[in-house]
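Visitor: Generate coordinates for the sequence data below:
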Amino acid sequence: MEHAQRVAAKTVRRVLAGSTLPVALAASGGLAEDDRALIQELSYGTLRFLGQVRAIVRELADRPLADASVEALLWVALYQLIHTRAPQHAVVNAAVQATERVKKSSARGLTNAILRNFLRCRDALLATIDKDDEARFSYPRWWIDRVRGEYAERAAAVLDALAGKYADRIVTCHGGAIETPEDFAGFLKVEPRLDGYVGGSSAERFPIEVSVTAAARAFKAVKLAKVR
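Guide: Numbering: from 1, shown residues only. Okay, the predicted model is just below:
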């Protein structure tokens, strides 16, 4: 688990620096299939709930963390503690070990303290940060404001659905801005949590020289951040 946490934390940092999740995962090199699946789950899940785990670290740290690698490890571990069934003691111990492995032995105590403090006051802390929109919905402020502007009193329900509060919801993108597989890949770079793309009328704008079959195959070849 410690290795998966380290690689996932590095992957999350790469995505935040501008990479797509598939490219960031590929940069990790040759991995066993089981390791790859766990690292993908941890990377995607941390990005999905980034607003939440960021808010928790801000609440529990005495001051902003100076080391981005330690902060990313904390995000990954918090995602596991909140959203997976991994044993709590194993998550905390692995995160402490991972902190030391990234040559931050002086931060081991900080990692241990933040994660154990979270476990001690989990319910109260989650209730506190849920009052912050970016923590609750895990979307950037500009997107939250846009949804509120378009949906008014329905905005909270829409944002809850988009934020994955309901496991049976599938979030896709569509529209005139997407005409090619490259356009779709560009959308995934901005928002890696999309579940797919709905073609709709954009199929009418495929270049006549390109068959519909070939275009459909090209769209299907675009790698999603997760597999349903």
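Visitor: care to break this protein down by domain?
Guide: According to automatic domain parsing, the chain comprises the domains 2-132, 139-168, 170-228.
Visitor: ranking the ones you listed by burial, who's on top?
Guide: The highest mean neighbour count among these, using mean count of other CB atoms under 10 Å, belongs to domain 2-132: a mean of 18. For glycine as for every other residue, the C-beta is placed from the backbone atoms N, C-alpha and C.
Visitor: one step back: redo the domains of the chain as TSV? Include mean pLDDT.
Guide: Below are these laid out as TSV (pLDDT from 0 to 100):
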stretch	mean pLDDT
domain 2-132	84
domain 139-168	68
domain 170-228	64
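Visitor: State the distance from the spatially most central residue of the chain to residue 93.
Guide: By CA atoms, centre = their mean, the mean C-alpha position of the chain lies nearest to residue 47, the distance being 1.3 Å. Here the criterion is CB to CB, to the nearest Å. By it, residue 47 lies 24 Å from residue 93.
Visitor: same check, this time on residue 86
Guide: Separation of residue 86 from residue 93 (CB to CB): 11 Å.
Visitor: for residue 19, same thing?
Guide: Taking CB to CB, one finds residue 19 at 29 Å from residue 93.
Visitor: And residue 27, by the same measure?
Guide: Distance, residue 27 to residue 93, using CB to CB: 27 Å.
Visitor: what's the answer for residue 217, then?
Guide: 46 Å.
Visitor: Same question for residue 218.
Guide: Distance from residue 218 to residue 93, by CB to CB: 45 Å.
Visitor: repeat for residue 99
Guide: In terms of CB to CB, residue 99 sits 11 Å off from residue 93.
Visitor: Check residue 22 too.
Guide: Going from residue 22 to residue 93 by CB to CB gives 30 Å.
Visitor: same question, residue 139
Guide: On the measure of CB to CB, residue 139 and residue 93 end up 32 Å apart.
Visitor: Please apply the same query to residue 132.
Guide: 30 Å.
Visitor: ditto for residue 76
Guide: Applying CB to CB to residue 76 and residue 93 gives a distance of 14 Å.
Visitor: centre of the chain versus stretch 116-130, how much separation?
Guide: When C-alpha coordinates are averaged (CA atoms, centre = their mean, to the nearest Å), stretch 116-130 and its chain have centres 20 Å apart.
Visitor: Also stretch 108-121?
Guide: 22 Å.
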